[in-house]
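Visitor: Build the 3D model from these lines:
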Amino acid sequence: MFQRTLHTVSCEVVYIIARHLQMKILELRSLTEQTYFARKSSGLIREFGTLDAILIATAGIFSLTFAFLQFPWYYGFNPGADLNLALGIVFFFYVLLMLVYWTIGVIMPRSGNDYVWVARIFGPAVGFPWAMVFVIVTFGFFGYAAGMSGWVYALGTALTMWGTLNNSPGLMSAASWVSSPMGGFIFVIAFAICFALLTVVGAKAAKIFIYATWASSALAIILIWGILGTTNPTIFAAKWDLVLGHYSTYQNIVTLATAAGWTPVPLTFAATIASMPFAVLFLLGGNVANVMAGEIKGVRRAIPIALMLSLIISLTLWVGCNTFTLGAVGDKWMYALGYLWDNAGSSYSNVLPIAPTLPLMVSLIVYPNQFLMFLVFFTMLFGSINVVFLSFWLPSRYIFAWAFDRIIPTKIADVNSRFSTPHVAIGVITVAWILVSAVYWFTSFSTALSIGTLLYNICFAVVGLGCAIFPFTKKDLLAQAPGFLRTKIAGIPLISIVGSLCAISFLYIAYLSAANPLIVTPTTYGVELSVGIVVGCLIIYYASLFYHRKHGMDISLVFKEIPPV
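Guide: Model (predicted):
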């Protein structure tokens, strides 16, 4: 009995030891085979199709609250410039950019697509700071903070206009509160919380919201084009004098502008070229569809359609809006109004209590039809939430990608098992954008924000340069590029030529921006913050590199591979 028991115990001990050794062997094998990414799959699901990609690409373009003062702003600062011609020239630059994003979208279809690209072509010490600058400037300050500011301004303008036209002190008081820093910041927080809840619960909710706001924008455009297209300067002048004539007549706007120093000048090509940094803003946004490339089905088809179609729609939209607006109010009057608003603010405010917004002009035309006035404002305001939403939502994919590459804690790359959404990254971006907005609303940084125009143009040039050099530094990737872009001219792949032209084009736009004090006004604060972002990113990356090497992992090897799907 004793021998049998001893034999049984011995067998169990041997089994336990063997099992322990087996587990150790498996663990060691796992370590040697492990991916240097956060895990062997992203955990995100490809839930977006071609139509979704198109709507994402065009959502920012359809943000009509940005058009509230676009035309007076453009014509006031650019006498002698032809906006339609400027848009046509800039369109060519954007075709180059879209070809670049088409290439990187199909070669590296991952979340945070352009970050993944720049980090793999130039290395993480360039890619991570590049992405942080691009995200903070384009999505943080311009997209969310300034986007919310523009939306709140639009709401305040609507309330002010209704209060003025209807002599309502209550509406005027509400407009004053909405336009105050605290009132606006409350909207910032409320929108951030709502967007966080909307994006955490899955792709379906986000898609419904994008579809609804896109449809609202489309309806607003149809209404605006219809109203402006059936009006001429004679009809508009009569309506202006009827409603606002007790402040200043239509003709008196030209008289005041002339007294302030404005003189009519002929259209010139030189003035049009100088205005291109302004024109670039009208077409900005279609490339953002690539941020979701890791969640788009059939990217080789969806990405090029979304990019190119969004650009064509963008050009059509703004050329149409510009043409109909000038046709309705008169081009000479628009130049005079813009000059007065941009360059002689005190003279303008002495005669008119409200800003010369596009909805003001549309509302005057339809006055006294209150329902049509409300419908125009509602569709514009609701439709324009989409660009603020995308500016909130898309950066969570960059944060996810940074965590997936182990630059920042991998916990941030966690994906919710129920909704398949990067819930931690969404939480991080919620807090981040509220803080960024606080800086924007309550400090002097908004006055230094003009440097952002210079920075995002440089960012586009970097992506283009990456496409120019990758056929020579990453030859294995060229086979995955679109077929026609692999064609060689004098031994050089077409994509290298396109990438070089793209880089040169946007560096030229950056130069024009920097050379024009009306566009970029360098401040010590803005420069220090920009440099601080880059230095901070380098510190974060090298600290992460040191930390992981100390624990037996060289995360620099991550950037020699494309992240797993």
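Visitor: use CA for all of it now, contacts and neighbours both
Guide: Will do.
Visitor: Let me see the ranges of the helices in the stretch 401-550 of the chain.
Guide: In the stretch 401-550 of the chain, the helices defined using DSSP state H, counting those that start in this stretch lie at 423-442, 445-448, 451-473, 475-478, 494-515, 524-550.
Visitor: Reformat those helices as a markdown table; add distance to residue 161 and mean pLDDT.
Guide: Formatted as a markdown table, the helices of the stretch 401-550 of the chain follow (distance: least, Cα to Cα, whole Å; pLDDT from 0 to 100):
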| stretch | distance to residue 161 | mean pLDDT |
| --- | --- | --- |
| helix 423-442 | 24 | 91 |
| helix 445-448 | 26 | 59 |
| helix 451-473 | 31 | 91 |
| helix 475-478 | 56 | 92 |
| helix 494-515 | 33 | 93 |
| helix 524-550 | 35 | 90 |
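Visitor: out of those, nearest to residue 97?
Guide: For the helices of the stretch 401-550 of the chain, proximity to residue 97 was assessed by Cα to Cα; helix 494-515 is nearest, at 5.9 Å.
Visitor: between the helices of the stretch 401-550 of the chain, which gets nearest to residue 367?
Guide: So among these, helix 423-442 is nearest, using Cα to Cα, at 34.3 Å.
Visitor: starting at the chain centroid, how far to the closest one?
Guide: 16 Å (Cα atoms, centre = their mean, to the nearest Å).
Visitor: and that helix, what does it pack onto?
Guide: Under the contact criterion of 3 or more Cα pairs under 8 Å, 6 or more residues apart in numbering; DSSP states H and E, helix 423-442 touches helix 181-200, helix 385-393, helix 395-404.
Visitor: Minimum distance to residue 421: which of the ones you listed has it?
Guide: When the helices and strands packed on helix 423-442 are compared (using Cα to Cα), the closest one is helix 181-200, at 5.9 Å.
Visitor: and that closest one, C-alpha only, in CSV?
Guide: What follows is helix 181-200, C-alpha atoms only, in CSV (Å, rounded to 0.1, in the frame of the first residue of the first chain):
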residue,chain,number,x,y,z
PRO,A,181,-16.9,82.8,-22.6
MET,A,182,-18.7,80.9,-19.8
GLY,A,183,-21.8,80.3,-21.9
GLY,A,184,-19.7,79.0,-24.8
PHE,A,185,-17.6,76.8,-22.5
ILE,A,186,-20.7,75.2,-21.1
PHE,A,187,-21.6,74.2,-24.6
VAL,A,188,-18.1,72.8,-25.1
ILE,A,189,-18.5,70.5,-22.1
ALA,A,190,-22.0,69.5,-22.9
PHE,A,191,-21.1,68.6,-26.5
ALA,A,192,-18.0,66.7,-25.4
ILE,A,193,-20.0,64.5,-22.9
CYS,A,194,-22.7,63.8,-25.5
PHE,A,195,-20.1,63.0,-28.2
ALA,A,196,-18.3,60.6,-25.8
LEU,A,197,-21.5,58.7,-25.0
LEU,A,198,-22.4,58.6,-28.7
THR,A,199,-19.0,57.2,-29.8
VAL,A,200,-18.6,54.7,-27.0
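Visitor: by how many degrees do it and helix 385-393 diverge?
Guide: Going by axes from the mean of the first three to the mean of the last three Cα atoms, to 10 degrees, helix 181-200 is angled at 70 degrees with respect to helix 385-393.
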